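Undergrad: Provide a 3D model corresponding to the input given below.
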Amino acid sequence: MWVKICGITRLQDALLAHELGADAVGFVFAPSPRRMSWKKAAQLSSRLKDITKVGVFVNAPLEEIKEIRDRCALDIIQLHGEESPQFCQDLKGPVIKAFNFKDRSTLDGLYGYQGVWRIVLDAYVKGRRGGTGQRIENVLLREVSDFSRIILAGGLNPDNINQILPYNPFGIDLSSGLERSPGVKDEGKMRRLFEILKNHRVTTR
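TA: Numbering: from 1, shown residues only. Next up, the predicted model:
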């Protein structure tokens, strides 16, 4: 299972994520308590050689995203706004397109995005794009027929991660559920998470 730790603002948190086995870390470039300047993100990125780096944007201009991607050596762009399939294609690189999972109509909207690398399904909270700490309801997850391209996000933490593992998504994306405060990860929570994931992999072999 692909694991991304998002909302990274400190080098020690990114290094711990890598040590524990995360596949990717995420830098937020959209309005958020975890927002990073591209200069700080570039500094952190330069110290992270062996982990995938993801930049998170919301309705940012195409050229701005491309410039930050280049300056920060980002491997993947994650989009949380109303970006169109054509916009995703115009980025000319791996894209994760995120959707706030409100109801069945959200799933219908995924069909135009077959060209993106993966899809994030995040919890729906009116007026919010992510980082809310809210989980997707199980009744909605049961509407998803194929999780092979799906990364689940939204309020995931060591206490509830076992509730979504049976769906066997391609990946999981965690942020606020691993924090002491916005942008500051809790080492104990991170270690607990990866111990649970390790045990899950052993159990399901």
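Undergrad: could you look up the SS state of the residue nearest the centre of the chain?
TA: Nearest residue to the geometric centre of the chain (C-alpha atoms, centre = their mean): Asp173, 3.9 Å. Following DSSP: H, G, I helix; E, B strand; the rest coil, Asp173 is assigned to strand.
Undergrad: that one pairs with what?
TA: Lys4, Ala153 (DSSP bridges).
Undergrad: who touches it in this structure?
TA: By C-beta atoms under 8 Å, 6 or more residues apart in numbering, Asp173 lies in contact with Lys4, Cys6, Gly26, Val120, Asp122, Ile151, Leu152, Ala153, Leu156. All C-beta atoms are positioned from the backbone trio N, CA, C, and that covers glycine.
Undergrad: any chance of these in a markdown table, with distance to Pro169 and neighbour count too?
TA: Shown next, in a markdown table, are the contacts of Asp173 (distance: C-beta to C-beta, whole Å; neighbours: other C-beta atoms under 10 Å):
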| residue | distance to Pro169 | neighbour count |
| --- | --- | --- |
| Lys4 | 12 | 27 |
| Cys6 | 15 | 24 |
| Gly26 | 17 | 27 |
| Val120 | 10 | 27 |
| Asp122 | 12 | 25 |
| Ile151 | 6 | 24 |
| Leu152 | 5 | 26 |
| Ala153 | 10 | 28 |
| Leu156 | 11 | 23 |
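Undergrad: in the top helix by length along the chain, what's buried?
TA: When the chain is parsed with DSSP state H, its longest helix is helix 187-204. Buried residues in helix 187-204, counted by 16 or more other C-beta atoms under 10 Å: Lys189, Met190, Arg192, Leu193, Phe194, Leu197, His200.
Undergrad: ok, now stretch 169-180?
TA: Quick answer for stretch 169-180 (16+ other C-beta under 10 Å): Pro169, Gly171, Ile172, Asp173, Leu174, Ser175, Ser176, Gly177, Leu178, Glu179.
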